[in-house]
Each structure stands twice: as structure tokens, then as C-alpha cells.
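A.B. asks: show me how the following folds:
(one chain, ligands or ions: 1)
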Amino acid sequence: MSVQSLTRQWASASDGMALEDPRLFRQLAYVDGCWVHGEGGREEAVFDPATGERLGQVPWLESHQIDAAIASADKAQRAWRLLRADERGELLDTWYRLIREHKEDLAMLMTREQGKTLADARGEVEYGASFIHWFAEEGSRAYGETIPSHIPGAALGTLREPIGVAALITPWNFPLAMITRKAAAALAAGCTVLVKPAGETPFSALALAELAERAGIPAGVFSVITGEAAEVSKQLCDDSRVAALSFTGSTRVGRLLLSQCANSVKRVSLELGGNAPFIVGPDMDPEEAARAAVDAKFQTSGQDCLAANRILVHDSLYEDFLTHFVRLMKKLKVGNGLVSGIDLGPLIHRDAVAKAQTIVDDAVEQGARLIYGDQSMAPGPNFFMPVLLADVTPSMRAWHEETFSPVAGVTAWHDEDEVIAMANDTEYGLAAYVYTHDIRRIWQLMRGLRFGMVSVNSVKMTGAPIPFGGVKQSGLGREGGRQGLEEYMDIKYYCLGGLPSASGS
Ligand code: NAP
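C.D. replies: This next block holds a predicted model:
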């Protein structure tokens, strides 16, 4: 089906989105179990990045409305934390099932507001839902400890308790999964949440709220507040009723929020930017390595914190690798993510296109080889055609910045110590990829790389059971895995004295 006929189909639909279940397309905030308008008349328009078409709008809530949302989350927390973990788990599992049942509609909403291909959007719905399923069960494993007592007549131990109200601020590149990765853990732990989605992609978040309501998650437990980002975030950071702040987004904003949380001394988790090295060893088949590097570079059009940002290839296979890489990237189809067969959708907005171009220009001015990349082929103003730059050096922006676009930069290396130093030459420390079959080299690289996650001979590394997160300026804390639950729990130590010493405590 062509883009034009798809767009006409939506335009003629009464809800503007042509969803099987039109009630999933919500244009109001969701607070304390109610759909709410803004009271100051302010709103934010949302556009399809592929076509520029206005999809709708969401209200900007006023300060007193944010205050009411915090109060409702605080009130709801008192009952939610008292439910048994398996009772919360059952509600979460109902939510999980509803999300999967509505996968097609959720994917459609996501492709329209974010631009990624429908196949990628479906994948994100499954990925996002998997956190809910996983934490629905993991909540029942929030074990405390027994501590062998050093105090006569006392029993010692720890309990793990929900931290309270959690504010979750999320980005536009994964509009659904970045919410569920946080919310599932927080809700399973017994916290209530206030989600502030990115202004570009609020509809996925609001569809999640609609499904949470249908799942029977009580009012005030999962709210979605839309508003002016700096204003809302500041209020959430300042308010002492909010016990935890979890943020995914840029390092720039992460630093700001960390400093704003200082006054109320909140628990802060930050999932920030990345600058992933992709290291190819001399024993690799250059074609196999190029195929993996293309996969690691171009997903979500390169707008992925895990995207391979610096591809570091052993000098013995450098030119062969470039030949295979360019052949494979030429096959990638760029266009509207709604059309089948498309590999790369648009970038999120024109600023992102302009940034990608300045990164390419800067590299070429400083001597990088532009091997492939013709922007005259771009199918619209928000699209950026894949680019391959060879001989990228540390002085170039393509090396030290997260390009967040389909710009691939490649550099040659000769020995392991050199490539470890090259890979670590960044303020970021989220993820690194290593491609080699030499076990000695694998171990040396795995230990030498200062990154929170190292993936060896595999592009896929994420999922609900693993502790996702970075070191250095890529963030604080972990999401997913048993560690993900700990972000939303306090440890309470108890000393139960006055017991008979003979009780063996
Ligand atoms: P961003 O500009 O930092 O925005 C993220 C969130 O912060 C949005 O909700 C945004 O709201 C809000 N925000 C923006 N400016 C703010 C301010 N001055 N004060 C308070 N809040 C503010 O990041 P982005 O461009 O959406 O996302 C891309 C970044 O996220 C990349 O660096 C990427 O690596 C990172 N990321 C990291 C991970 C990870 O797991 N480590 C995962 C995905 C993405 P508005 O949209 O309403 O302005």
C-alpha cells in the first residue's frame, strides 16, 4: 500500500488514526483515573515525522494540576503498597495481556508519532510488554535477609519496602518500552508512578494508560502527565512527596535533573546517552562483521542509545570490511515506516537532520573519507540517508558525540591495548560490542572496556531479565533484572530485641 493511500485511509477515519480500537488514541492527560484537560489553555501539537501531518495534541497541565496528580499518587500509594505482591502481579499480568492483544494498534500509534517502521514498532510493543510480565513475577521475590545477630537476645534482619511515589520521565525514541521498563518495576515493587512522556510521543504513553485502566490498575497508581518539560520536571524534582525520579534521555537533561533532585534528596536513576564502540577483531570474517555492524548501527534510523557509534576494525581487514559494509547499507530502504519493506524511517525532526549533516561535514572537513551517503535521495525533509565515513579520528564530532542518526563512522586499529584506549575515549559508558572468536582477546576486551554492558558476537543484548544501564556519564542505576526492582525499594533494617537469648536469634 502506498503512503498516500494509507494517509487517506486515516484522514477519512473518524478518530484520525484508523485504529481497530479508537479509544486507544487519547489526547488528554490521565490523572487519578480520569482523563483531564489542561486548565490554562496551553497544549502541544504532535506531528507525524514522516509526513509532517499534525496528528493531534495534548494539554499542558498547570502547576496546581501537577500538584493534584502528585497528591493522588501519594494517596493511592498507601493502598497499593499494602496489596500482596502476587495481587499486584495479577493486575500487571492483565495489563501485559491487554498490551499484547492491542499490539497492532499500539504499533500503528508508535509509527505515526515516532516514525520507526511498523516492524520495529511491533517489536517494541513486545519488548515493552515483556518487562510487565517479568516484573509481575519478580515482585514476589523481593526478599529480605536474616542477619546472624551480634546482640544478645535480638533478632536482626532486613525488609524491602516500596520507596513511594516515583516520577518517570521518558524520551521519544522508544515511546512505549522506556515507560514500561521503569513502570513495571516500580508498580511491582509497590510504588505508584507519574509518567511524563516526551512531547513528541505522548500517544503511546496515553494508550498504555487506557489499557492500565482496563486492566483494573487503581486510580492514581499509573498516571500520565503532559506538560512543558522543564516546568513539570522541576516541580516533580522539588516535591518531597515524590521519593524517586527515574529519567531516560540525554546526558544534558540528566545532569540538570540530578542537580534539581538534590534539595529533596531523592533516589535518582538515570539512563542517559551512549557512544557505543563496535570492535572487530582480526580473526573475523569481514562480511559477517559488516552484517552485524549494519544491524547495530541502523536500527531506529540510528536513534538508539545502543547504536554502534564508533566502528573500530582491525587494520588487517579494514578495507574489506568497508566494501561489505557499503554493499549492505546500499540495500537499506529509507521511507515512511508504514510502508512494508522500509528499513529506516525518518528522524524525529528537522533539528536532528541538521545535526547529522553538521557531523558529516565536520568529519569530512577534518579528513574523513565520505564513502557513501547522498542526501539528495532523501524522501522528505525529516529523512537522512545512511552515511558511511571512513578514517574517523578522535577530534571529529562523529567520534566524541552520540550522532543519533544513520551516520556510521569507521576507524582502523592495530593492537588490543590501542583499541581499548580508543573505545574508552568517551565520557559515555553505556554499551560496547566486541566481534572476535579469540577467547583471550574477548576476555581482555571485556575486562578493559569501561561500559555498563558488553555484548560479544551478538547485536541483541537487551531484555527484561538483564540489568540495563551505563557507567560514567551514561547514567546511574539499572533497569530490568532483579536490580531493576531494587531501584524502587528501600531496605529497612530491623533489630527485634528483648527475646530470650536461648531462642538462637
Ligand atoms: P531529552 O531531550 O533529554 O528528553 C528526554 C525527556 O526529558 C523528555 O521527556 C523531555 O521532554 C524531557 N526534557 C527535555 N528538556 C528538559 C528540561 N530542560 N528539563 C526537564 N526535562 C526535559 O532526550 P531525547 O532527545 O528525548 O532522547 C534522546 C536521548 O536519550 C539520547 O541521548 C539517548 O541516548 C538517550 N536514551 C538513553 C537510553 C538508555 O537506556 N540509556 C534509552 C533511550 C534513549 P520534552 O520532550 O517534552 O521536551
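A.B. asks: which ones are touching the residue nearest the centre of the chain?
C.D. replies: By CA atoms, centre = their mean, the chain has its centre lying nearest to Met178, at 3.9 Å. Contact partners of Met178, counting by CB atoms under 8 Å, 6 or more residues apart in numbering, are 170-171, 248, 271. C-beta here means a position set from N, CA and C on the backbone, and glycine is covered the same way.
A.B. asks: mind redoing it with 10 Å?
C.D. replies: By CB atoms under 10 Å, 6 or more residues apart in numbering, the contact set of Met178 is 124, 128, 168-172, 195, 197-198, 201, 204-205, 246-249, 271, 305, 479.
A.B. asks: got it, and Leu106?
C.D. replies: Counted by CB under 10 Å, 6+ apart, Leu106 has contacts 19, 21, 24, 98-100, 121-122, 124-125, 128-129, 175-176, 203-204, 207-208, 211.
A.B. asks: now, of those residues, which are buried?
C.D. replies: 19, 24, 98-99, 121-122, 124-125, 128-129, 175-176, 203-204, 207-208, 211 (16 or more other CB atoms under 10 Å).
A.B. asks: dump the residue contacts of the closest residue to the ligand within the stretch 201-350 of the chain.
C.D. replies: Across the stretch 201-350 of the chain, the shortest distance to the ligand (CB to the nearest ligand atom) belongs to Gly249, at 2.7 Å. Each residue near Gly249 by CB under 10 Å, 6+ apart is listed here: 169-173, 178, 198, 229, 257, 270-273, 305.
A.B. asks: now, the contacts of Leu106 that are in strands?
C.D. replies: Secondary structure defined by DSSP state E assigns none of those to strands.
A.B. asks: least confident secondary structure element in the chain?
C.D. replies: helix 3-12 (a mean of 38; mean pLDDT, DSSP states H and E).
A.B. asks: what about the stretch 401-505 of the chain, any weak spots by pLDDT?
C.D. replies: Applying pLDDT under 70 to the stretch 401-505 of the chain picks out residues 502-505.
A.B. asks: what are the boundaries of the helices in it?
C.D. replies: 416-423, 439-448, 481-486 (DSSP state H, counting those that start in this stretch).
A.B. asks: do the same with the stretch 1-150 of the chain
C.D. replies: Counting by DSSP H, counting those that start in this stretch, the helices of the stretch 1-150 of the chain are 3-12, 63-80, 85-101, 103-114, 118-138.
A.B. asks: near the ligand at all, the fourth one?
C.D. replies: No: figure legend: helix 103-114 not in contact with the ligand (CB under 6 Å from any ligand atom); closest approach 10.7 Å.
A.B. asks: quick one: buried residues of that helix?
C.D. replies: 105-114.
A.B. asks: same question for the last one.
C.D. replies: Under the neighbour-count criterion of 16+ other CB under 10 Å, helix 118-138 has 118, 120-122, 124-125, 127-136, 138 buried.
A.B. asks: same check on the third one?
C.D. replies: When neighbours are counted by 16+ other CB under 10 Å, the buried residues of helix 85-101 are found to be 85, 88-89, 91-96, 98-99.
A.B. asks: so which of those residues is the closest to Ser240?
C.D. replies: Closest approach between the buried residues of helix 85-101 and Ser240, by CB to CB: Arg88, at 24.8 Å.
A.B. asks: residues touching the closest one, list them.
C.D. replies: Going by CB under 10 Å, 6+ apart, Arg88 touches 80-81, 135-136, 139-140, 162, 187-190, 217, 221.
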